[in-house]
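Student: Okay, here's the prediction I keep looking at, along with the sequence it came from:
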Amino acid sequence: MTQTSVSSVYLASTEGGAGMHSVAASGVFSATWLVIGLPLLGAAVLLLGGRRTNRFGHWLGTLFALGSFAVAAALFAAMLGESGADRSIDQHLWNWVAVGDFQAEIGLHLDQLSMVFVLLITGVGSLIHIYSIGYMEHDENRRRFFAYLNLFLASMLLLVLANNYLLLYVGWEGVGLASYLLIGFWQHKPSAATAAKKAFIMNRVGDFGLAVAIFLMFTAFGTFSFDEVLGGSAAASDGTMTAIGLMLLLAACGKSAQFPLQAWLGDAMEGPTPVSALIHAATMVTAGVYLITRSAEIFNASPDAQLVVTIVGAITVLFGAIVGCAKDDIKKALAASTMSQIGYMILAAGLGPIGYAFAIMHLVTHGFFKAGLFLGAGSVMHGMNDEVDMRRYGGLRKYMPVTFVTFGLGYLAIIGFPLLSGFFSKDKIIEAAFAKGGTTGYVLGSVTLVAAALTAYYMTRVMLMTFFGRERWKEAPVGAPADWHEPHPHESPVSMTLPMIVLAFGSVFAGGLFVLNDAFVNWLTPVTGFSHGELPFSVWVVTGMATAMVALGVAVAYVQYARREVPAVAPQGSLVTVAARKDLYQDSINEGLVMRPGQYLTRLLVWLDGRGIDGFVGGLAAFIGGTSSRVRKVQTGFVRSYALSMFGGTAVVVAATLMARMA
Amino acid sequence: MNPANYLFLSALLFTIGAAGVLLRRNAIVVFMCVELMLNATNLAFVTFARMHGNYDGQIIAFFTMVVAAAEVVVGLSIIIAIFRSRRTASVDDANLMKW
């Protein structure tokens, strides 16, 4: 099997990596800007064109996404023709701000890492555009939806193609904005509007980290460009590198819903399902992994920061998996799973050169199968009157065969069924975790193994509750409204099933293609570097353990949800279940630790401002006002009293003059 | 004759004028009292010129007369305007310009 070739020959060496060498864009590569430009143009036309574009807006949006994908494919083909060293291309577009030493450039950097992302974003993005044509058919704001999707594509592509951190920040904020607009797309629902705000505000905490990291970089290196910051990272002090690394990690936590900034992702499922698939599963939430991998040299220079990254990843892997086991809402279960899978990637990225390539590999395979799973969930909801409670599903495989098969393949891929995508990519991360060595390696390896079992458990649960068992949707729910009528599950139109089929192919074959001849690792090595760790035992032991854990998880879920009847109303459940249903009390903790103290602080400040500062200023004004309103009574309007005061004044002046003379 | 006597007369006239301004209500009388004060100062100026043996005081007295003449024109026209609109010449009745 191909995987032996990577992991069994764990040499202690680092290849590639630091010291970027780029060539200026020419030939096909001078069209790199088009990848961003096309969706940006689409967003502009659809947003500025307004209602006039309603009739063809969805086709236009899809066309621009496909055009962007076509350019990306051409770039990829051209890149394959270049030798390894010439695959790193810089395209300078224009100077953004040039003030003395402060130089901000609008420039693009296309290398093997950004190429992977560009293909994933435009590819999955195009598929989801096509899917949305069917999914949003009856929505009167479909044109606006496609405008936002195009805006998201442009921002995300800018994020991965920027050649400096400042421009990356622009894309970073752009995807945050698009995410906000799309989560709150149905803003007439208060829950959606609140979820959008929650996502935006929690992301701001992370964005603050990125801003500080960029400030630190500018202080330390006097530049924002990847070349110079990453090239100079070896020379900078450890403290600076650790600070920058931790701030970048904070940014990654916000965008990628990692502990402790994970709470927004579950609520983000209020957005339309294609949005959940594209933004909150396949692409935007993986931006944190991109940021860490792109800044590899910074993290390599700071083992402390790396350790924190792995800890955050390990906590989130388990956190997401535990929450996923208890959710009855199909989209929230998948969201928890996304959080957990990104935890895997962050953990792998924290391992350093042992893990970067595998983090990105899992990112891509995850992009396929999780987007496919979300689209499947959307297809199920489409046929079930937008019901999301899996306890109201059951036995749907007969009614939606295409959805069942594609969702099933995605399910097999995510749990790591042998030879499917997730099997290869997740296995590599588990191996890399053990290969970290020492106690850390064992702890991280065990965490990833336990999470693999949990993943198998909650995904089997989703699968069984949705497609197998009694058809619970035929019975009226408790407290059903008077106009309740039985849903009529049906297969979705071709525009929706086609993307699901394509993604299912990706879920099945991508992993195998990537590990064939170590293609993926070799592709990324010039950018991220690669080092073989020291695996404490044979690679087959790891594969065996991982597969056993998966089998265990599937078996437990089978006993619980296939052998036994699934109640249509959630039972009370144990303490752990209740906690997991409430996302392990993440909202209560955030409220208690951050929100309430923040409220008290604002109240205190308002009080201080009102009583202290305003009190002083207001008191002074009141004193002056009061005094003058008394003094003005002197202005009687009687001319003789004025004459008297003039006379008195003169007398005083004369008396004073005489006194001065005599003294 | 001792020039100081002129100064005493000047002080007396000034005091009478000032008392008239402060105590009388009729605008015409107040006005005449102001003239009395002006002329009292003129007398003092001329006396000082005599005492110091130069013409400075006399020149200032001429200035005062010119200013007084101009002031009479303006003042009398104001008084007449007030009298026309209010049918009174009492300065206490024109008291609207206050706080």
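Tutor: Thanks, I have the structure now.
Student: quick one: average confidence on stretch A:656-663?
Tutor: Per-region confidence: stretch A:656-663 scores 92 on mean pLDDT.
Student: Helix, strand or coil: sort out A:S233 for me.
Tutor: Put simply, A:S233 is coil when judged by DSSP: H, G, I helix; E, B strand; the rest coil.
Student: residues touching the closest residue to A:L181 other than its chain neighbours, list them.
Tutor: In space, A:L181 comes closest to A:Y148 once its chain neighbours are excluded; the distance is 4.9 Å by CB to CB, 6 or more residues apart in numbering or on different chains. C-beta here means a position set from N, CA and C on the backbone, and glycine is covered the same way. By CB atoms under 8 Å, 6 or more residues apart in numbering or on different chains, the contact list for A:Y148 reads A:43, A:178, A:181-182, A:185.
Student: Per-residue pLDDT of A:Y148, please?
Tutor: 94.
Student: Most neighbours among the contacts of A:Y148, which one is it?
Tutor: Within the contacts of A:Y148, most neighbours by other CB atoms under 10 Å in any protein chain shown means A:L182, with 27 neighbours.
Student: and the gap between it and chain B?
Tutor: Noted for A:L182: a distance of 64 Å to chain B, by CB to the nearest CB, to the nearest Å.
Student: And for A:A73?
Tutor: Relative to chain B, and taking CB to the nearest CB, A:A73 is found at 85 Å.
Student: And for A:G350?
Tutor: According to CB to the nearest CB, A:G350 and chain B sit 77 Å apart.
Student: Grab the nearest non-local neighbour of that residue.
Tutor: Nearest residue to A:G350, sequence neighbours excluded (CB to CB, 6+ apart): A:V309, at 3.1 Å.
Student: Same question for A:S191.
Tutor: A:E270 (5.6 Å).
Student: ok, and the residue nearest to A:L181, which helix or strand is that part of?
Tutor: Using DSSP states H and E, A:Y148 sits within helix A:142-161.
Student: coming back round to it: which is the next helix or strand following the helix or strand containing the residue nearest to A:G350?
Tutor: According to DSSP H and E, A:V309 maps onto helix A:303-326. Toward the C-terminus, helix A:303-326 is succeeded by helix A:330-350 as the next helix or strand (DSSP H and E).
Student: Tell me the buried residues in stretch B:3-12?
Tutor: B:6, B:10 (16 or more other CB atoms under 10 Å in any protein chain shown).
Student: now do stretch A:230-243
Tutor: Those buried within stretch A:230-243 under the rule 16+ other CB under 10 Å are A:230-231, A:233, A:236, A:240-243.
Student: count of residues packed around residue 47?
Tutor: Using chain A. So A:L47, with other CB under 10 Å, has 16 neighbours.
Student: that's the wrong chain, I meant chain B
Tutor: 18.
Student: contacting residues for A:G125?
Tutor: So A:G125 contacts A:65, A:68-69, A:149, A:152-153, A:156, A:278, A:283 (CB under 8 Å, 6+ apart).
Student: May I ask which helix or strand encompasses it?
Tutor: Secondary structure (DSSP H and E) places A:G125 in helix A:112-135.
Student: Convert that helix to PDB, retaining C-alpha atoms only.
Tutor: Output of helix A:112-135 as PDB, limited to C-alpha atoms (Å, rounded to 0.1, in the frame of the first residue of the first chain):
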ATOM      1  CA  GLN A 112       1.800  25.100  -4.500                       C
ATOM      2  CA  LEU A 113       0.000  25.900  -1.200                       C
ATOM      3  CA  SER A 114      -2.200  28.600  -2.600                       C
ATOM      4  CA  MET A 115      -2.800  26.600  -5.700                       C
ATOM      5  CA  VAL A 116      -4.300  23.800  -3.600                       C
ATOM      6  CA  PHE A 117      -6.600  26.300  -1.900                       C
ATOM      7  CA  VAL A 118      -7.500  28.100  -5.100                       C
ATOM      8  CA  LEU A 119      -8.600  24.800  -6.700                       C
ATOM      9  CA  LEU A 120     -10.500  23.800  -3.600                       C
ATOM     10  CA  ILE A 121     -12.300  27.100  -3.300                       C
ATOM     11  CA  THR A 122     -13.200  27.600  -6.900                       C
ATOM     12  CA  GLY A 123     -14.000  23.900  -7.500                       C
ATOM     13  CA  VAL A 124     -16.200  23.300  -4.400                       C
ATOM     14  CA  GLY A 125     -17.400  26.900  -4.800                       C
ATOM     15  CA  SER A 126     -18.600  26.400  -8.300                       C
ATOM     16  CA  LEU A 127     -20.400  23.100  -7.300                       C
ATOM     17  CA  ILE A 128     -22.200  24.900  -4.500                       C
ATOM     18  CA  HIS A 129     -23.200  27.700  -6.900                       C
ATOM     19  CA  ILE A 130     -24.800  25.100  -9.100                       C
ATOM     20  CA  TYR A 131     -26.500  23.400  -6.100                       C
ATOM     21  CA  SER A 132     -27.800  26.800  -4.900                       C
ATOM     22  CA  ILE A 133     -29.600  27.300  -8.200                       C
ATOM     23  CA  GLY A 134     -32.000  24.500  -7.200                       C
ATOM     24  CA  TYR A 135     -31.900  25.000  -3.500                       C
END
